[in-house]
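Trainee: Need a 3D model of the following:
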Amino acid sequence: MVSIELTINLNGFSDDEIKQGMFILGELVINKIKQNIRDMKLISDGGGQLLQGWFAKFDGNQLLIENTQDYMMYLEFGTYAYYDMYGTDSHPETPDPKKKDMPYAMRKLFPKGMQPFAIIRRVVYNQLIMEDLARQAFS
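Mentor: Residues are numbered from 1 along each chain as shown. This is a model prediction of the structure:
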């Protein structure tokens with residue numbers, strides 16, 4: 001399971017507006033994450049288990065996005081060799097090329113294991129995306 005917490009400034013909104021806006025924001029963030037999964041072609045079977053198990057919780061001005069799939073941690077952070085070498089804060093700028101599609105000479109320069117796709121972080125760490133989603137949720 002992977003969880004990432006996000007804090008938003010909600011001064012000037014009533015409690016009801018915050019509750020409604022955070023619910024909408026959670027849904028918008030999850031939809032954007034699912035769109036990234038489709039764009040990166042990380043699902044191979046029409047429905048895809050990776051598109052399931054997403055939920056958002058909020059407490060005050062904190063939004064928690066989670067996915068319950070056991071392998072989600074590896075898709076987000078890569079396998080041990082990757083996050084041991086690069087840490088969990090860095091992630092590839094683009095999902096392509098996938099390691100399996102790289103020529104052998106390039107592939108052998110990478111550590112063993114799977115590279116991180118940073119499915120959640122590509123959304124919540126992107127200020128422009130989050131500002132746009134927050135604007136949609138609280139307008």
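Trainee: what about the longest helix in the protein?
Mentor: helix 15-39 (DSSP state H).
Trainee: What strands flank the helix or strand following that helix, and is each parallel or antiparallel?
Mentor: Tracing the chain past helix 15-39, the next element assigned as helix or strand by DSSP states H and E is strand 54-59. Strand 54-59 has these partner strands in its sheet, going by DSSP bridges: strand 62-67 (antiparallel).
Trainee: list the buried ones in the strand it pairs with?
Mentor: Neighbour-count burial for strand 62-67 flags 63, 65-67 (criterion: 16 or more other CB atoms under 10 Å). For glycine as for every other residue, the C-beta is placed from the backbone atoms N, C-alpha and C.
Trainee: elements contacting the longest helix of the chain?
Mentor: With contacts defined as 3 or more CB pairs under 8 Å, 6 or more residues apart in numbering; DSSP states H and E, the packing partners of helix 15-39 are strand 54-59, strand 62-67, helix 121-124, helix 127-137.
Trainee: Mind doing that once more with 10 Å?
Mentor: Contact analysis of helix 15-39 by 3 or more CB pairs under 10 Å, 6 or more residues apart in numbering; DSSP states H and E lists strand 2-7, strand 54-59, strand 62-67, helix 121-124, helix 127-137 as its packing neighbours.
Trainee: before we move on, back to that, can you say which two of the buried residues of strand 62-67 are spatially most distant?
Mentor: Across the buried residues of strand 62-67, the two members that end up farthest from each other (CB to CB) are Leu63 and Asn67, 14.2 Å apart.
Trainee: isn't Phe13 right up against Leu25?
Mentor: No: here Phe13 lies out of contact with Leu25, judged by CB atoms under 10 Å, at a distance of 11.9 Å.
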